[in-house]
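[1] next one to model:
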Amino acid sequence: MSTLADVARLAGVGVGTASRAISGNGYVDVETRLRVLEAAASLGYRRNAAARALRERRSHVVGLMLPDIHNEFYTASAAVLQSELDAAGYQLLVASTGNSIDGERHAWETMLDRQVDGVVHVPVDPDGAPPPGLPVVQLNRHTRTATATAVVSDDVAGVAELTRHLIDAGHTDLVALVGAPRLSTSDERATGFRRAADAAGLVENASAAPRYRVVVTEFSADGGAEAMERVGHDLPTAVVALSSRLVMGVLRWAGACGLRIPDDLSLAGLGDPEWYAIWRPGITTFAPPLAEMGRRAALELIATIGETNARPTTTIRLAGEVRKRGSVRIVPHDGGSNCRT
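    Residues are numbered from 1 along each chain as shown. Here you go, the predicted structure:
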């Protein structure tokens, strides 16, 4: 295995010059740098990351803890986050917590074992706290206590705007599907929905319109279908499914019932995976700024890693966008339809 001394010898320079040329830290003239890099390439030299970490007392690795690595909601954030970290000289170590508190504890142990310099974390445990002394930025969700800076979507404002769009279209019998209330995303999305419905004079859990209902279920397609089973005997005119997985569950249930979107049931969602626009007539949705959330989380973490003193924690809320498509129809109030399976 070639060493830095071998590269320096072949390039005809000192070891210090070769080190500066390869790392980019410190001045080396262009001709010398090219000669060193050509020597390194011809010898197959690779920098020893472990030795560098011991020297600098930093691993140059950042962790990303996600509840579900297959969820398209996180891919846009993760791609931009990785790009920003790569530009700053960090590698990314990804761990899935499986949306469980035990999985989250195991992921923290993995991050500490790998001696990461910091972690971008989508929390599962609302009362959890990161290991002391480890720079952490929360993404998408935040814990109940301000243990770390969080970069999130302004779901309260975004879901309220989405709900007003349905009400303006003539819908006065609404159902919102949300995940577990312990999650900050569920709580804030339900808050935005309730805020807009209350302001329009709809009554929660009334027996007839004008009314609205909030149905708690799992953030999954199965959860969305199961929630619709619960309201299918008393169907609203519009459903707000507050995740892309829940939207998928509503569509699956509606198809099994023979209901057409939006003729028999209007539907609005959250997030904006590619298939929302491809599926016809297209899903009206509130789209959080996922790419910008990933970028800001990366920049916040890089700044936190570089600080010698603890930075004050804050919650950074970024505005998203309501995207109107064909899944919401303009209707007079007519009570909706029923579906029993």
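
[2] low-confidence stretches in the stretch 201-341 of the chain?
    Across the stretch 201-341 of the chain, residues meeting the criterion (pLDDT under 70) sit at 308-309, 332-341.

[3] mind listing the strands for it?
    Counting by DSSP state E, counting those that start in this stretch, the stretch 201-341 of the chain has strands at residues 203-204, 211-216, 238-241, 266-270, 284-287, 315-318, 321-323.

[4] for Val120, phi and psi?
    Main-chain dihedrals, Val120, degrees, to the nearest 10: phi -100, psi 130.

[5] so it makes contact with Leu299?
    No: counting by C-beta atoms under 8 Å, Val120 stays clear of Leu299, with 10.9 Å between them. Yep, even glycine has a C-beta here, placed from its N, CA and C like the rest.

[6] make a markdown table out of the strands of the stretch 201-341 of the chain and add mean neighbour count.
    As requested, the strands of the stretch 201-341 of the chain are exported to a markdown table (neighbours: other C-beta atoms under 10 Å):
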| stretch | mean neighbour count |
| --- | --- |
| strand 203-204 | 12 |
| strand 211-216 | 19 |
| strand 238-241 | 31 |
| strand 266-270 | 27 |
| strand 284-287 | 25 |
| strand 315-318 | 16 |
| strand 321-323 | 15 |
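
[7] and Leu134, which of those is closest to it?
    strand 315-318 (19.1 Å; C-beta to C-beta).

[8] do you know the pLDDT at the spatially most central residue of the chain?
    The chain has Tyr74 as the residue nearest its centroid, 4.0 Å off, counting by C-alpha atoms, centre = their mean. In this model, Tyr74 is scored at 83, pLDDT.

[9] specify the local secondary structure of it.
    Here Tyr74 is recorded as helix under DSSP: H, G, I helix; E, B strand; the rest coil.

[10] how close does it sit to Gly258?
    From Tyr74 over to Gly258 the distance is 34 Å, taken as C-beta to C-beta, to the nearest Å.

[11] swap in Trp279?
    Remark: distance between Trp279 and Gly258 (C-beta to C-beta) = 18 Å.

[12] those two: who's more crowded?
    More neighbours surround Trp279 than the other of Trp279 and Gly258, with 17 against 8 (other C-beta atoms under 10 Å).

[13] contacts only, for the closest residue to that one other than its chain neighbours.
    Computed as C-beta to C-beta, 6 or more residues apart in numbering, the closest residue to Trp279 that is not its neighbour in sequence is Leu251, at 7.8 Å. With contact set as C-beta atoms under 8 Å, 6 or more residues apart in numbering, Leu251 has these partners: 261, 267, 279.
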